[in-house]
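**Q** Next input, structure requested:
(one chain, ligands or ions: 1)
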Amino acid sequence: MNLTEQDIHHFQEQGYLIIPDFFSQREVKAMQTELDRLFRDGLLRNVATDGDGQTHSTTQFNFQICPIYHKSHFFRAMPFDPKIINVVTQLIGDRIIEHLDQIFLKPAHTGSPTNWHQDNAYFKITDPLRGTAMWTAIHDATVANGTLRVIPGSHREQYEHCRDPHSDHHIRCYPPEERAVSLELPAGGVAFFCYGTAHATGHNSTDKPRAGLAIHFLHTDYAEPNLVEENRTTRPYLTGVEATGGLKEYGVKIEGTWDQEVGRVLAEAV
Ligand SMILES: O=C(O)CCC(=O)C(=O)O
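**A** Below you'll find the model as predicted:
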């Protein structure tokens, strides 16, 4: 997929870019199936708290799994998908690593927000345009079910962050919300937003669950050793001279297995 000059300009100027029809229906079905398995296996945990940043809520639920790669061969294969690498390298440059992977699942009626933050408040890279999240709508993402919101142009601003009292580990900021735009996406649609873009998701007040998968990609020139977050042992090189298709990091070749993983997950579900 070749991005247009306008697409790249939009990412650089506004800090984000949406591609509504990025994944096929087959891929979406496999993502939903694998997420159901991870949830059934108890691998997502509720990070929502009662306003003290500690006491887990029994009425509000923001289920998170992070990282995913060591719990799912399917999601481990996804960042090696050539169509993802192709777009990411057009956005942030041609030598990239996978930096982070996580899913947030908001159950029907009780799904709670992930509050405003800039990823660069965690990662602190010197040029916030050289890292990007790819946020994938695993289900249709609408204003009613709390889809992703971003503040266009906020990657040029730095907001003060403090501990989010409604999460057991997140930080949050209070950006100018009047500038926010809601990114509604069909399942399989994606939003790329750079490390500086302030973003948030909202309550799910509908009668169906909604999940978003966020994979973060970073240009290797900006990958300091201390950017490996706790409980993550590896950040696979996806392109560049160090890239081995996952062999060095995982002991097996992952590159080229995405389509096969989609087929496997769908076949095991029937
Ligand atoms: O999906 C969500 O609720 C939030 C995603 C997010 O904030 C992130 O990936 O940084």
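**Q** interface residues of the chain facing the ligand?
**A** By C-beta under 6 Å from any ligand atom, the residues of the chain that approach the ligand are 104, 114, 119, 133, 135, 199, 201, 212, 214. To be clear about C-beta, it is placed using only N, CA and C from the backbone, and glycine gets the same treatment.
**Q** Go through those residues and say which is closest to Ile92.
**A** Closest approach to Ile92 among the residues of the chain next to the ligand (C-beta to C-beta): Ala133, at 10.8 Å.
**Q** Any chance of TSV for the residues of the chain next to the ligand, columns secondary structure and pLDDT?
**A** TSV is the format used below for those (DSSP: H, G, I helix; E, B strand; the rest coil; pLDDT from 0 to 100):
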residue	secondary structure	pLDDT
Phe104	strand	98
Thr114	strand	98
Asp119	coil	97
Ala133	strand	98
Trp135	strand	98
His199	strand	98
Thr201	strand	98
Gly212	strand	98
Ala214	strand	98
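**Q** Identify, from the residues you listed, the entry nearest to His166.
**A** Taking those together and measuring to His166 by C-beta to C-beta, the closest member is Thr114, at 9.3 Å.
**Q** so who does that closest one touch?
**A** Residues near Thr114 by C-beta atoms under 8 Å, 6 or more residues apart in numbering: 62, 104, 167, 170, 200-201.
**Q** give me that answer again for 6 Å
**A** 104, 201 (C-beta atoms under 6 Å, 6 or more residues apart in numbering).
**Q** Quickly list what it is bridged to.
**A** Thr201 (DSSP bridges).
**Q** One more: Phe217?
**A** Applying DSSP bridges, one finds that Phe217 bridges with Glu98, Thr132.
**Q** Could you report the neighbour count for it?
**A** 28 (other C-beta atoms under 10 Å).
**Q** Which residues are in contact with it?
**A** 88, 96, 132.
**Q** For Ser182, see how far away it is.
**A** 24 Å (C-beta to C-beta, to the nearest Å).
**Q** Kindly report the same for Arg156.
**A** 21 Å.
**Q** can you check Thr234 too?
**A** Taking C-beta to C-beta as the measure, Thr234 falls 34 Å from Ser182.
**Q** sorry, back to before: tell me which of Arg156 and Ser182 has more neighbours.
**A** Between Arg156 and Ser182, counted using other C-beta under 10 Å, Ser182 has the larger neighbour count: 15 against 11.
**Q** pretty sure that one contacts Val143?
**A** Yes. Using C-beta atoms under 6 Å, Ser182 is in contact with Val143, at 5.1 Å.
**Q** follow-up on the earlier one: of the contacts of Phe217, closest to Asp52?
**A** Nearest to Asp52 among these, with distances taken as C-beta to C-beta, is Thr132, at 33.1 Å.
**Q** Val265: helix or strand, and which one exactly?
**A** helix 258-269 (DSSP states H and E).
**Q** Run the angle between the longest helix along the chain and helix 258-269 for me.
**A** If each helix of the chain is counted by residues according to DSSP state H, the longest one is helix 25-40. Orientation check (axes from the mean of the first three to the mean of the last three C-alpha atoms, to 10 degrees): helix 25-40 against helix 258-269 gives 60 degrees.
**Q** Return the set of buried residues in helix 25-40.
**A** Across helix 25-40, burial judged by 16 or more other C-beta atoms under 10 Å covers 27-35, 37-39.
**Q** what packs against it?
**A** helix 258-269 (3 or more C-beta pairs under 6 Å, 6 or more residues apart in numbering; DSSP states H and E).
**Q** try 10 Å
**A** strand 63-65, helix 73-77, strand 96-106, strand 131-137, strand 210-219, helix 258-269 (3 or more C-beta pairs under 10 Å, 6 or more residues apart in numbering; DSSP states H and E).
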